[in-house]
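[1] Show me how the following folds:
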Amino acid sequence: MASRGDEPLARAMDRARRPPSVDTLARSIKDVGLPHPLLVEAARAAIGAGDPGSARDRALRTASELLRPVVNATGVMLHTNLGRAPIGVQQEAGYTNLELDLSTGRRGSRHNHAATLLAAACGAEAALVVNNGAAAVMLVLAALAAGRAVAVSRGELVEIGGGFRIPDVLAGSGAELVEVGTTNRTRVSDYRAVLSGELGDELALILKVHQSNYKVVGFTESVPVSVLARLGPPVVFDIGSGLLDAGTPWLSEGPPAWLQGEPAARQALEQGAALVTFSGDKLLGGPQAGVIAGQSDLVAQCAAHPLSRALRPGRLVLGALQETALAYLRRDGDAIPFWRMATASLADLRRRAEALGAGEVVECRSVPGGGSIPGLEIPSIGVALRGDVTEHLRRAPVPVIARVSGHRTIIDLRTVSPADDGLVALAIEAATESTAP
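    Residues are numbered from 1 along each chain as shown. Below is the predicted model of the structure:
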C-alpha cells in the first residue's frame with residue numbers, strides 16, 4: 001500500500017502519462033503559420049491517434065496542401081498539375097463594370113468584355129466565355145443539339161484527363177451520338193451516308209474533335225473542316241488547345257516550326273466551321289476558361305441556354321482573360337508568359353544555366369503538355385544534378401518541381417521564369433547540402 005509521501009510522485013507520473021490539452025498543443029506549434037483552428041485540428045488528430053508528437057508534422061502537411069507558388073522546372077510548359085499556362089495578371093481590390101453598361105448606367109453583360117476581344121482576335125462574329133473547355137463543348141451540344149443527333153468520327157471520340165469522354169459529354173447534353181467511319185479512316189462518303197439515312201433529318205451538328213493528346217498514324221484518313229462545311233449541318237470544331245491564329249501575328253519571328261499542323265481558331269472559321277471551342281489555359285496562355293466563338297446567332301443560342309449561367313466564370317477569370325486578349329490584339333507576345341517561355345532561345349537558356357553555377361549544363365527536351373501537340377519535343381537547356389533530389393527541391397521555401405531522367409535530376413530552364421533563377425539556385429544549394437556524404 002502506497003504511503004502518503006508517494007502521492008505527489010504518483011500524481012506527477014499520472015500527469016506525465018496524460019496527453020497535453022488540445023489548446024496547449026496547438027499553441028506550441030503556432031510557428032507553422034496556420035490559423036489557430038487548423039492547428040487545433042492537427043493537435044486533436046495527433047492526440048486522438050495517441051501520438052501528440054505528430055501534431056507539427058500534421059500541421060505542416062496541411063500547410064503543404066494549400067495553394068502556393070512553385071517553380072516549374074519540369075520542362076512541361078502546360079503542366080496540368082501546376083495550373084497549366086503561367087499567368088501574371090494582378091487585380092487590385094475593388095469593383096468593376098462586370099455587368100454594368102457605363103454609357104447608359106443600366107445592366108450590361110459580362111459577355112461584352114473578354115469575349116468580344118477574343119472574337120476580334122480570332123475573326124469570329126461573336127464569342128462566349130465559360131469556365132473550362134469541357135464546359136464549352138457541353139454547352140454547345142446542350143443548346144444546339146439536345147434531343148437530336150450529332151455526327152462524330154470514330155477516330156475523334158477522344159478521352160482527355162480526368163475521364164472526360166466525348167460520348168459521355170454528348171449523353172450528358174441530351175444529344176444523340178452518331179458514330180461515323182472507323183477509328184483510323186473516316187471519309188466524306190461516311191458523313192454523306194449518315195445524312196442520306198434515317199437520321200439525316202435529325203442531324204443537328206457535325207462535331208469535329210482535334211486529337212489533341214494522342215496521334216493516329218499509318219493508314220489513316222480524316223475529313224477537313226472545309227469539306228465538312230459543304231455538307232449542310234453546322235460544323236462545330238473543338239480545337240482544344242486555343243491557338244488563335246496559325247500565323248501567330250503576335251510573334252515577331254512568325255510561327256515556330258513546332259506549331260505546324262496545330263489547328264487554329266481563325267483558320268477553322270475561315271474554312272467554314274460555324275463554331276470553334278477551345279481552352280483558355282493552353283496555347284492561348286490565359287486562365288482556366290472555355291471559349292465558344294463563331295456565328296453570332298449560334299453563340300447567342302448558347303448564351304441564352306440555362307446552362308450558360310451555371311457555367312459562367314467570375315470577374316477574376318474574365319479580367320485575366322481580357323488582359324490576355326488585349327495582348328494578342330496589340331500583337332505583343334512578350335506580354336504573355338507562355339509565349340515568352342515557348343520562344344526563349346537556346347543561347348539565353350544556356351547563359352542562365354551557366355549563371356546558376358551548379359550541376360552540369362545539359363541539353364534537354366521540353367514538351368507543350370496540357371493535352372496539346374502530342375509527341376512534340378522542343379530543344380531546351382537545363383542543369384543536371386546527380387541522383388534523385390526532387391524531394392529536396394520540393395522542400396525549398398518556394399518549391400522547385402523537377403524531373404528525373406537517367407539517374408539524374410533535370411532542371412529544365414525553359415519552363416522557369418528568369419525572375420525565379422535565384423530561387424532555383426537556393427533550392428539547388430540546399431538540396432546539394434542535404435545529400436552531401
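
[2] After the one helix or strand in the chain whose mean pLDDT sits lowest, which helix or strand is next?
    In the chain, the helix or strand scored least confidently by mean pLDDT, DSSP states H and E is helix 7-17, which has a mean of 53. Sequence-wise, the next helix or strand downstream of helix 7-17 (DSSP states H and E) is helix 22-28.

[3] Could I get the buried residue list for that following helix?
    Across helix 22-28, burial judged by 16 or more other Cβ atoms under 10 Å covers 22, 25-26. Heads up, the C-betas are built off the backbone N, CA and C, glycines and all.

[4] Quick one: the residues you listed as a markdown table, columns for pLDDT too.
    Formatted as a markdown table, those follow (pLDDT from 0 to 100):
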| residue | pLDDT |
| --- | --- |
| 22 | 93 |
| 25 | 94 |
| 26 | 94 |
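
[5] tell me the domain ranges of the chain?
    Taking automatic domain parsing as the domain assignment, the ranges for the chain are 30-66, 110-332, 344-435.

[6] Turn the ones you listed into JSON lines, including mean neighbour count.
    Shown next, in JSON lines, are the domains of the chain (neighbours: other Cβ atoms under 10 Å):
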{"stretch": "domain 30-66", "mean neighbour count": "15"}
{"stretch": "domain 110-332", "mean neighbour count": "19"}
{"stretch": "domain 344-435", "mean neighbour count": "18"}
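
[7] among these, which is nearest residue 77?
    Across these, residue 77 has its closest neighbour in domain 344-435 (5.5 Å, Cβ to Cβ).

[8] just to revisit the earlier point, need the domains of the chain in a markdown table with distance to residue 102, can you?
    As requested, the domains of the chain are exported to a markdown table (distance: least, Cβ to Cβ, whole Å):
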| stretch | distance to residue 102 |
| --- | --- |
| domain 30-66 | 38 |
| domain 110-332 | 11 |
| domain 344-435 | 36 |
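
[9] export the ones you listed to CSV and tack on distance to residue 86 and mean pLDDT?
    What follows is the domains of the chain, written out as CSV (distance: least, Cβ to Cβ, whole Å; pLDDT from 0 to 100):
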stretch, distance to residue 86, mean pLDDT
domain 30-66, 19, 94
domain 110-332, 8, 92
domain 344-435, 7, 92
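
[10] just so I know, which of the ones you listed lies nearest residue 87?
    Closest approach to residue 87 among those is made by domain 110-332 (5.5 Å; Cβ to Cβ).

[11] and for stretch 19-38, what are the contacting residues?
    Contact with stretch 19-38 is made by 39-40, 42-44, 46-47, 52, 55-56, 59-60, 62-63, as judged by Cβ atoms under 8 Å, 6 or more residues apart in numbering.

[12] Start and end of that stretch, how far apart?
    End-to-end distance for stretch 19-38, by Cα to Cα, to the nearest Å: 19 Å.

[13] In terms of distance to residue 76, which of the buried residues of helix 22-28 ranks first?
    residue 26 (38.9 Å).

[14] And that closest one, how far from residue 20?
    The gap separating residue 26 from residue 20 is 9 Å, by Cβ to Cβ, to the nearest Å.

[15] Tell me where the stretch 101-250 of the chain has helices.
    114-122, 133-145, 166-173, 188-196, 225-228 (DSSP state H, counting those that start in this stretch).

[16] The residue nearest the centre of the chain: what's it in contact with?
    To find the centre residue of the chain, average its C-alpha atoms and take the closest one (Cα atoms, centre = their mean): that gives residue 84, at 3.6 Å. Going by Cβ under 8 Å, 6+ apart, residue 84 touches 78, 281-282, 288, 369-370.

[17] what's the answer for residue 175, then?
    141-142, 145-150, 204-205.

[18] quick one, strands of the stretch 251-400 of the chain?
    275-279, 290-294, 360-366, 378-386, 400-401 (DSSP state E, counting those that start in this stretch).

[19] Now tabulate those strands in CSV and tack on distance to residue 32.
    Listed next are these as CSV, based on distance: least, Cβ to Cβ, whole Å:
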stretch, distance to residue 32
strand 275-279, 36
strand 290-294, 38
strand 360-366, 36
strand 378-386, 29
strand 400-401, 21
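
[20] and residue 346, which of those is closest to it?
    The closest of these to residue 346 is strand 378-386. By Cβ to Cβ, the value is 5.8 Å.

[21] tell me which strands and helices the closest one is in contact with?
    helix 346-356, strand 360-366, strand 408-412, helix 421-435 (3 or more Cβ pairs under 8 Å, 6 or more residues apart in numbering; DSSP states H and E).

[22] Compute the inter-axis angle for that strand and strand 408-412.
    Counting by axes from the mean of the first three to the mean of the last three Cα atoms, to 10 degrees, strand 378-386 lies at 140 degrees to strand 408-412.

[23] In its sheet, which strands sit next to strand 378-386, and in what direction?
    strand 360-366 (antiparallel), strand 408-412 (antiparallel) (DSSP bridges).

[24] Now distance to residue 272 too, for those strands, in TSV please.
    Below are the strands paired with strand 378-386 laid out as TSV (distance: least, Cβ to Cβ, whole Å):
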stretch	distance to residue 272
strand 360-366	34
strand 408-412	40
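
[25] ok, the contacts of residue 84 vs residue 427, which is closest?
    Of all the contacts of residue 84, residue 369 has the smallest distance to residue 427: 21.6 Å, by Cβ to Cβ.

[26] Using CSV, list the CA coordinates for stretch 391-410.
    The C-alpha atoms that make up stretch 391-410 are tabulated as CSV, following Å, rounded to 0.1, in the frame of the first residue of the first chain:
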residue,chain,number,x,y,z
GLU,A,391,12.1,15.6,-52.9
HIS,A,392,14.7,18.0,-51.5
LEU,A,393,13.9,20.6,-54.2
ARG,A,394,10.2,20.4,-53.3
ARG,A,395,11.1,21.2,-49.7
ALA,A,396,12.5,24.6,-50.7
PRO,A,397,10.6,27.7,-49.3
VAL,A,398,9.3,28.1,-52.8
PRO,A,399,9.2,24.5,-54.0
VAL,A,400,11.1,23.7,-57.3
ILE,A,401,9.4,20.9,-59.3
ALA,A,402,11.9,19.0,-61.5
ARG,A,403,12.1,15.6,-63.3
VAL,A,404,14.3,12.6,-63.1
SER,A,405,16.0,11.1,-66.2
GLY,A,406,18.8,8.5,-66.3
HIS,A,407,19.6,8.7,-62.6
ARG,A,408,19.9,12.4,-62.7
THR,A,409,17.6,15.3,-61.7
ILE,A,410,17.0,17.6,-64.6
